[in-house]
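Whatever this is, show me its structure:
(5 chains, ligands or ions: 4)
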Amino acid sequence: MTWLGIGEADWIALQLTFRLALISTALLLVLCLPLAWWLAHTQRRIKVVIEALVALPLVLPPTVIGFYLLILLGPRGAVGGTLERLGASHLAFTFTGLVIGSMIYSLPFVVQPLQNAFQAMGRRPLEVAATLRAGPWDRLVSVVLPLSRQGLLTAAVLSFAHTLGEFGVLLMIGGGIPGQTQVASIAIYSHVEGMDYASAHRLSLFLIVTAFVMLVCIYALNKRFKIVGVAP
Amino acid sequence: MTWLGIGEADWIALQLTFRLALISTALLLVLCLPLAWWLAHTQRRIKVVIEALVALPLVLPPTVIGFYLLILLGPRGAVGGTLERLGASHLAFTFTGLVIGSMIYSLPFVVQPLQNAFQAMGRRPLEVAATLRAGPWDRLVSVVLPLSRQGLLTAAVLSFAHTLGEFGVLLMIGGGIPGQTQVASIAIYSHVEGMDYASAHRLSLFLIVTAFVMLVCIYALNKRFKIVGVAP
Amino acid sequence: MSLACEFRLARGDFALDARMTLPERGVTALFGRSGSGKTTLLRCLAGLERAEGWLTVNGCRWQDDERFLPVHRRPLGYVFQEASLFPHLRVRDNLRYGYRRVPVARRRVDFDETVRLLGVEALLERYPQALSGGQRQRVAIARALLASPRLLLMDEPMASLDATSKAEILPYLERLHDHLEIPVVYVSHALDEVARLADHMVLLEAGRVLATGPLHELLTRSDLPLAHADNAAAVLEAQVLDYDAGRQLVTLGCGDVRLRVSREQAPSSQRLRLSIRASDVAISLSQARDSSVLNCLPVRIAEIDDDPHPGHRLVRLALGDQALLARIPREAVERLALVPGMAVHAQVRARALT
Amino acid sequence: MSLACEFRLARGDFALDARMTLPERGVTALFGRSGSGKTTLLRCLAGLERAEGWLTVNGCRWQDDERFLPVHRRPLGYVFQEASLFPHLRVRDNLRYGYRRVPVARRRVDFDETVRLLGVEALLERYPQALSGGQRQRVAIARALLASPRLLLMDEPMASLDATSKAEILPYLERLHDHLEIPVVYVSHALDEVARLADHMVLLEAGRVLATGPLHELLTRSDLPLAHADNAAAVLEAQVLDYDAGRQLVTLGCGDVRLRVSREQAPSSQRLRLSIRASDVAISLSQARDSSVLNCLPVRIAEIDDDPHPGHRLVRLALGDQALLARIPREAVERLALVPGMAVHAQVRARALT
Amino acid sequence: DPQPTRIAAASDLRFAMDEILENFASDHPEHPIEVLYGSSGRFRSQIEHGAPFDLFFSADIAYPRALEQAGHAAGEVIPYAEGRIVIWSDGLDASALTLSDLADERFRRIAIANPRHAPYGDRAREALRASGLWETLERRLVFGENIAHTLQLVQSGAAEVGIIALSLVRHPSILDQGGYHLIDDALHAPLTQGFIITRRAADNPTARLFADYMSAAETRSIMRAYGFQLPDE
Ligand SMILES: Nc1ncnc2c1ncn2[C@@H]1O[C@H](COP(=O)(O)OP(=O)(O)OP(=O)(O)O)[C@@H](O)[C@H]1O
Ligand SMILES: Nc1ncnc2c1ncn2[C@@H]1O[C@H](COP(=O)(O)OP(=O)(O)OP(=O)(O)O)[C@@H](O)[C@H]1O
Ligand SMILES: [Mg+2]
Ligand SMILES: [Mg+2]
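Ligands and ions are numbered 1, 2, ... in the order given. Below is the predicted model:
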């Protein structure tokens, strides 16, 4: 089952990668929306601490983050251990673990662009919408999201692309188990290590070309529906 | 020369890391400013392609990017080879090489927030400034930069923090030479691999605490001088 | 009593401390100098500012110490001082934004009619960025009206409109407020506009209510700044007696006195409102017969006051139980030896408003 | 000839195609309905739009097929239709933005005086977000003036100002334009404001120049919409003959005719400009002596025209070689049997402008 | 779901193990086995934290020993090979080189695995120290994360020469590129490699079967062919 010179195991890894990137980006967007909104509008002191915390996952090397996550999510960690005691199983070496890991690591790429977009939007459009009978959810959908589209797009693209290429965290907490936690980046790495450069190049090229085509389509769509300028 | 339980080699690595993060962030900001400006304002078709290209470095695992960079910058690569022929030396295992590598990898974190900030700003403030005698550079300094401060901050923070934690690319093209290319992330990794967890934890903790304090200060300063809202 | 409120709010040096009661229907003009707190007060009414105090509209408590009806639950229409259109929506969708959110059964404003009367039909497919300043403002007015509001708040809605556009929109607003029977709070600096639209008036000064009452009373009170304004005017309520379609003239009765006013169509109601500017009233001792001025009314001088206009005095004239203002050169006051109590003739150029 | 230009620019359906020549100094009013292209034309003058065509100011070519002087090299002041203050700068720094960028030797406007006269002293330390709409607009005017412009472009600068603020700012603008001796292009919908400030006028309609010329000519031309406007007015230039300080009256000569006008101070120049609204002129057959109206001038009826105002006719009166407009009820035209050529008396309430 | 038996193996075993597993699969098709290659240190951490690995083949016997002591092993640590290090270069024939030749200035960069954590790096350092070259060469050394990475540094030409595992240069694609110089194993401590069956595989017959298969003659010859010295030889 080799196609385009890419073996079956690699196809599975690719599929896993895109699934992971989609799921964690979607979850991140949903979770970070309220956080970014709060950060954009609060005047509380604690805000700066939260802002700093959000950026922290970037500071440590991914493998090290992965290492600490492994401890946390594994059977002896605070999270994994609790799950085990509750009769569930721990999260290390599972797809769920990968999702958590890549979400934590992509957190800043989602929160910050959203926060910026919300701040740039100001309160006025929301006020107008409220005087026109739009309730909070309605305002979110009809005003906030469209007006912060550029920020959403940046958040989604950075998080998605970053998850595609993420390696250290995923390898550490996933273990690179084929079909379960071996994502494309690990597969490529593995090929390079095994001096199977041809496979590595093919897989890299496929990943790059796919991502490039996706991105071009997304940006073209975005441009198509772009508002030419901000109302003065 | 152990201080806070962190050995001399690690101190050197830390110093190198911060230097690298500062230099590459500064260079990136300077270089990406015109690019982001162009992307924010052009109506040309090619724009979407450039936008997609900017995000591509994220798509491949850092070690793989690093591997390709190593070949490119090494004595047999297009860049390194040319340098060698010109009598200079190639860039693999040099600080310059690290700077190039971390810049390429942090590119999207800088371009995208800047581009968003420029788009959100609109053209009006620039028009006003021009009618008040401000030339292009003057406008950049007195209007564009202050008004896109939030975007600049995000770009700087993401790029800086990301370089602190960058590992794969730096490992690949740096060669881990103490005092020259061994950055903190590699040192931490080394400790973990060598089962010297205590050193790893200390170094991680130091990096995290330092970064946290820096970020809190930056965000607090930013909040202090923040404009309360956008003029309606 | 239909709208009553009391608000206290501080913003830096500025403090709003306003209490007022507005009539059930009709337009209330909110008047005051730049920075006196008009916008702030409107925002409190809309619930966009969380001021201390309370607000009752049509017997419903919208706000007090315990309650605070959120903005989107208040059935109001708000025209912001800056047009504030949604930049991501075409004009059509901006207009439909509020319209769609009102249940069909409660819609009381017709989409197409509003669009036509505000002259924005040709703009429906544009984005707000492609509109001129005045076009944006008209869209914003239409958008607020299309939300079928039960309280209409308008913050200088016509500031950047040309005279012709204003002349087109004003009658529509008048009809609308007759038809909707809702209270309207209208901020404007144009006394003409206010005299035409408003029944009631609230005068703000530095965040406090200086005076409130029926428009015609406040306009001529010499202790208030309005009577001293450049375009000070009196408003008279008069009985319709006759309409001469050929000459387009209405004959009106105001107490014992008869007045004639030009009007395109026969008045639809029995009463008509007239605006008479102080500068449109001249005083003569005898009744001039060969003048083009339509009305030469017997009046009595009630009060002669100073006028900020150089070389002028402000004369309050009693016309039955109503008041007129006349801005007269000092020279004429001397020449004609005018004193309070004297019976004179007022040469009046009146304008029908409603 | 000091400012001459020709511009062509398309924006969707709208096309600007304007050619005009403005006098070396003095104010040119840019008049036209909402959407007629006033803002677009100002932007072309400023260089904010790259229109086809050319522009010469004071003999310098600012733009033609080869050249395009960038905006920041054009020594102009621009008051945008929306205040457009820099949100990141306090009012003080907004004001100093242009001021600082003009070399000290070329500064011709005093900072403190401007700040005081525009009433923004108390606001200097605030950010624009903490200003009311009118306050923002005043800051924007001051900011443009402080750049010591050699061409001043103002897009409805007073739209959201109250009458008192306007009354304070207008004389300052008048003095300024005397003092700076620069051309000013002034967009406004308020004919009063225009009559007071402008010497020259450009009428725009759908992107084209409908007419251009001295203000007093355009105001009374019955083929132009201005004469038919609600507040149509004529402007007269008169010779100062005498000032009576006690009664604050100036006596003026206009051809053979004498006029009296109230004025606080003795006029500083030998000529004075008067604005006379069509609705402020009444016609009588005889000279009324017992009226408070100051002026009863012998005039000749030049033309009797239709008037859009119901029941009125617009009468053009010849006063020497100048023109007056009178808006007269149809009834009076019949009653007094007015016909062109007839000698009558005009009862005139005139207002001194300069 | 029936999970295959899973081996975590050090990267240096890659080529040998692939061949061994091919044989094993044809001999025991009813016992599916899956292999993952990576760094021994990472595998150690992961096994400690519940990784689903049944056998762990480490490049350094210290890791499985640590796991055994912590109770993560089902049985003894079994040494399976001894690693050898070689001088190798991508640009020239290294078979003509000796350790002392590395002092030559034309070798601007010399790659070894990071001695701080990689066993091959540690042995390379020992060998250099023993031949008195460490001080001379230290400034010219660059460090790979593991032995495979070290190989890449040399392959890219960025390092002119490197000290890497014999097992890697025995790969056909590398052998084509010229020779290597085997470093005298008297110059460094033996690099004993060991494996364990992890605790989770205590009852896994396949794991046992494969552990035994490691001492099969066929397997041993493969190991030898890839340059591993077998412990009892
Ligand atoms: N992108 C566009 N597409 C189509 N029409 C446009 C576009 N931009 C501007 N216009 C039109 O150009 C015309 C001129 O606009 P401009 O802003 O100059 O008008 P204006 O005279 O200043 O009006 P106002 O008094 O309302 O400010 C308007 O009719 C406007 O609708
Ligand atoms: N954050 C603030 N700090 C200090 N003063 C403020 C702040 N916000 C508003 N103000 C002041 O509150 C007063 C009321 O503002 P508001 O916008 O209600 O005035 P307004 O009557 O609408 O004036 P305009 O006619 O100019 O629009 C103004 O004097 C303004 O300067
Ligand atoms: Mg206001
Ligand atoms: Mg305009």
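
Please make it C-alpha for all contacts and neighbour counts, starting now.
Will do.

Now do the same for A:Met1: its pLDDT.
pLDDT, A:Met1: 57.

Show me which residues of chain A sit near chain E.
Neighbours of chain E within chain A, by CA under 8 Å from any CA of the partner chain: A:70-71, A:74-76, A:92-93, A:172-173, A:175-177, A:190, A:193-194.

Would you map the helices across chain E?
Listed in chain order, the helices of chain E (DSSP state H) span E:14-27, E:40-48, E:62-69, E:119-130, E:134-137, E:147-155, E:166-169, E:172-175, E:205-213, E:217-225.

C:Asp155 against C:Ala144, yeah?
No: contact between C:Asp155 and C:Ala144 fails when scored by CA atoms under 8 Å: they sit 11.5 Å apart.

ok so, going back, will you turn the helices of chain E into TSV that also has distance to ligand 1 and mean neighbour count?
Compiled in TSV, the helices of chain E are given as follows (distance: least, CA to the nearest ligand atom, whole Å; neighbours: other CA atoms under 10 Å in any protein chain shown):
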stretch	distance to ligand 1	mean neighbour count
helix E:14-27	65	17
helix E:40-48	61	23
helix E:62-69	70	20
helix E:119-130	68	22
helix E:134-137	70	15
helix E:147-155	57	25
helix E:166-169	67	24
helix E:172-175	64	13
helix E:205-213	74	16
helix E:217-225	76	16
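
Could you list every helix and strand that the host helix or strand of C:Ser275 packs against?
Per DSSP states H and E: C:Ser275 is located in strand C:271-277. The contact analysis (3 or more CA pairs under 8 Å, 6 or more residues apart in numbering or on different chains; DSSP states H and E) places strand C:271-277 against strand C:233-244, strand C:322-329, strand C:351-352.

switch to 10 Å and redo it
helix C:191-197, helix C:215-220, strand C:233-244, strand C:249-254, strand C:322-329, strand C:351-352 (3 or more CA pairs under 10 Å, 6 or more residues apart in numbering or on different chains; DSSP states H and E).

Return the residues of chain E in contact with chain B.
E:39-45, E:63, E:109, E:111-119, E:138-145, E:149-150, E:152-153, E:155-160 (CA under 10 Å from any CA of the partner chain).

and the nearest residue to C:Ser269 once chain neighbours are set aside, how many neighbours does it have?
Spatially, and ignoring its direct neighbours in sequence, C:Ser269 is nearest to C:Val240 (7.9 Å; CA to CA, 6 or more residues apart in numbering or on different chains). Neighbourhood size, C:Val240 [other CA atoms under 10 Å in any protein chain shown]: 22.

what do you get for the one 4 residues further on?
The burial metric for C:Asp244, expressed as a neighbour count using other CA under 10 Å, is 13.

what sits against it?
Contacts for C:Asp244 (CA atoms under 10 Å, 6 or more residues apart in numbering or on different chains) come out as C:250-251, C:262-263, C:265-266.

For ChimeraX, write the select line for the buried members of these.
Here is the ChimeraX command that selects the buried residues among these (16 or more other CA atoms under 10 Å in any protein chain shown):
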select /C:250,251,262,263
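
for the contacts of C:Asp244, which one is nearest E:Phe57?
Nearest to E:Phe57 out of the contacts of C:Asp244 is C:Gln265 (CA to CA; 103.0 Å).

From what I see, the closest one and D:His309 are in contact.
No: at 11.7 Å, C:Gln265 does not count as touching D:His309 under the criterion of CA atoms under 10 Å.

Once you drop chain neighbours, what's closest to the spatially most central residue of chain C?
Central residue of chain C (CA atoms, centre = their mean): C:Val194, 2.5 Å from the mean position. Closest residue to C:Val194 apart from its sequence neighbours, by CA to CA, 6+ apart: C:Ala29 at 6.2 Å.

Enumerate the positions of the helix ranked longest in chain A that are buried.
Counting residues, the longest helix in chain A under DSSP H turns out to be helix A:8-41. Across helix A:8-41, burial judged by 16+ other CA under 10 Å covers A:9-14, A:16-18, A:20-22, A:24-26, A:28-29, A:32-33, A:35-37, A:39-41.

residues from chain C in reach of ligand 4?
C:Gly133 (CA under 5 Å from the ion).

What residues sit buried inside stretch A:128-144?
A:128-135, A:139, A:142-144.

That stretch vs chain B: in contact?
No: counting by CA under 10 Å from any CA, chain B has no neighbours in stretch A:128-144; the shortest distance is 11.3 Å.

can you tell me if that stretch touches chain D.
No: using CA under 10 Å from any CA, stretch A:128-144 never reaches chain D; the gap is at least 16.9 Å.
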